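**Q** Okay, structure incoming, though there's no sequence with it:
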């Protein structure tokens, strides 16, 4: 898996696609335009980086007689320039052979950046001489926009899931192997096989493959054997030392370069590997709300959370992120880091990009209120030999004000919600029992909002019968129970009233429950105190958020980090016995007042 400095951030788009553009000579280019001068075009983010010189020469040879036949796709980009979305190869040829004044056939599209990126990938995929590695890189960016959903990404790109997985796997190739693939020195099948081993071993194998012109069958057999090497096994190998299947590889085609010592029992090897991966994943699940296996192509779907630096989100937000449902750990499935755990990862790159931008803006000096700069300026960026002038946009966007308050509470998991709801109900019932007047008022309120049906009638009937004059128990009608209630003393009637309210509290919806607690001004600290049972419902990262919230982390200061290195149970035990007073403290995640 790539390091945080290599992982890209997919930012939320701030550009509204333009429907037209005015060139410096006053000419308007829009969806009705069929051509545009070559000088007015700028290159876009083309996934293709390798242009086969032979194919380019063949294309250039046709231009003097026929020109460009198929239109290129263009759009107005964020800099108000006429950008090529698909067709750079034709653009290059036209620049060289036909000159900058040539009227290039175009198809004008109203695309934003993400749409333009996807179209470029799709367009290149269905053409010859495409760089498969660049195609894979852009497919990974598209995957990130779909939050790692490979099925939806494949559908969006018009690929099968198998093609997508195979393309993304190419991101594990070394730069040398990528170059060999792009230059057609090796075919796609060979590259896909090499992508399953480490980059170091790829570079060892590549010259042998080229020199001996090995077949796909020979390469596959060797790769499969090398994939079971004991040196790269991630599981405990103590039992393997005397195993009959742990043998030196005698006849490997790559033996002199790739090393020896492998397992010939692939079923056992794979089983031990899978078990170890699950153990490593489980070890992180006590620590993080989410843990994922990261495969090739996921490099644009995950990034490490940091407080400062170019991709920093700020100290408070970094703490808040630890309670997010998209924060967690990753287990690498990439050949170069197989089985390695990566901590403090964010799996929502769009959200992360927004948080980074907000933090950057918070660091800027306050805007000068006397400044009166125009909302939008014309672009002066050159396009080849000419200049494109943007037509004034009618789009408006709201200015970003001060950063929003950072949430530092734990995300509501089902286990936390169930626990908290139970505590709330018990606290409310206890307070209802203390105030008969409020209890009656709550009954009125519940009746008016159709929440009185939650009362357990059978239990109320049992109470009336238990304390009423049994000689008057003659009927099961409403009036019959009323006559029985007439015989109850005031103390029993008051207790029954409380029982009615408490019975309703047991089943009322949570939104009504919190509303009733607000009405009674329930002081939750009189009914609940921080305890190990609650902390065990949280991951270690969530516990850190709670500790930050209530001041426990500040109290422990530097020793807190050391405690977090303990197992979850020992971590909780240490917190509960550290001398910090939890009296009167309710963390945000337990509070009913949001």
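**A** Everything's here; your move. Quick caveat: nothing in here was measured; it's all calculated off a predicted structure.
**Q** which residues sit in contact with residue 547?
**A** The contact partners of residue 547, by C-beta atoms under 8 Å, 6 or more residues apart in numbering, come to 553, 556, 560, 575. C-beta here means a position set from N, CA and C on the backbone, and glycine is covered the same way.
**Q** which element is the residue nearest to the first one when sequence neighbours are not counted on?
**A** Excluding the flanking residues, the one nearest residue 553 by C-beta to C-beta, 6 or more residues apart in numbering is residue 547, at 4.2 Å. When secondary structure is defined using DSSP states H and E, the element that contains residue 547 is helix 540-550.
**Q** and that helix, what's its mean pLDDT?
**A** Helix 540-550 shows a mean pLDDT of 93.
**Q** Begin at 417 from now on, thanks
**A** Sure, I'll start numbering at 417, so the last one becomes helix 956-966.
**Q** ok, how many other residues are close to residue 523?
**A** Counted with other C-beta atoms under 10 Å, residues neighbouring residue 523 total 16.
**Q** Which residues does it form beta bridges with?
**A** Here residue 523 sits in beta bridges with residue 489, going by DSSP bridges.
**Q** is it true that it touches residue 488?
**A** Yes - the pair residue 523 / residue 488 is scored as a contact, 7.2 Å apart, by C-beta atoms under 8 Å.
**Q** quick one: least confident helix or strand in the chain?
**A** Lowest on mean pLDDT, DSSP states H and E among the helices and strands of the chain sits strand 798-799, with a mean of 36.
**Q** What are the buried residues along the helix or strand that comes right after the helix holding residue 963?
**A** Going down the chain from helix 956-966, the next helix or strand is helix 968-972, by DSSP H and E. By neighbour count with 16 or more other C-beta atoms under 10 Å, helix 968-972 contains the buried residues 968-969, 972.
**Q** Any chance of those in a markdown table with distance to residue 445 as columns?
**A** Below are these laid out as a markdown table (distance: C-beta to C-beta, whole Å):
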| residue | distance to residue 445 |
| --- | --- |
| 968 | 62 |
| 969 | 58 |
| 972 | 63 |
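**Q** In the stretch 417-566 of the chain, what residue spans correspond to strands?
**A** Here the stretch 417-566 of the chain has its strands, by DSSP state E, counting those that start in this stretch, at 436-439, 444-446, 451-453, 457-458, 488-492, 498-502, 519-524.
**Q** Which of those strands sits closest to residue 929?
**A** Among the strands of the stretch 417-566 of the chain, the nearest to residue 929 by C-beta to C-beta is strand 488-492 (52.3 Å).
**Q** quick check: angle from the closest one to strand 498-502?
**A** Here strand 488-492 points in a direction 140 degrees away from that of strand 498-502 (axes from the mean of the first three to the mean of the last three C-alpha atoms, to 10 degrees).
**Q** other SSEs contacting strand 488-492?
**A** Contact here means 3 or more C-beta pairs under 8 Å, 6 or more residues apart in numbering; DSSP states H and E; on that basis strand 488-492 packs against strand 498-502, helix 504-513, strand 519-524, helix 529-541.
**Q** Which residues does it contact?
**A** When contacts are defined by C-beta under 8 Å, 6+ apart, strand 488-492 is touched by residues 433-434, 436-437, 445, 452, 457, 460, 498-504, 506-507, 520-527, 532, 535, 539, 806.
**Q** Give me the buried entries from those.
**A** By 16+ other C-beta under 10 Å, the contacts of strand 488-492 give 433-434, 436-437, 445, 452, 457, 460, 498-504, 506-507, 520-525, 527, 532, 535, 539, 806 as buried.
**Q** distance between stretch 993-1010 and the chain's centre?
**A** Relative to its chain's centre, stretch 993-1010 lies at 30 Å (C-alpha atoms, centre = their mean, to the nearest Å).
**Q** Stretch 697-713 too?
**A** Centroid separation between stretch 697-713 and its chain, computed with C-alpha atoms, centre = their mean, is 12 Å.
**Q** Endpoints of that stretch, how far apart?
**A** Its first and final residues considered, stretch 697-713 spans 20 Å by C-alpha to C-alpha, to the nearest Å.
**Q** That one - what's its average pLDDT?
**A** pLDDT averaged over stretch 697-713 gives 91.
**Q** which one of the helices and strands packed on strand 488-492 lies closest to residue 662?
**A** When these are ranked by distance to residue 662, counting by C-beta to C-beta, first place goes to helix 529-541 at 43.7 Å.
**Q** Can you tell me the closest non-neighbouring residue to residue 615?
**A** Spatial nearest neighbour of residue 615, excluding adjacent residues (C-beta to C-beta, 6+ apart): residue 590 at 3.8 Å.
**Q** Brilliant, that's me finished.
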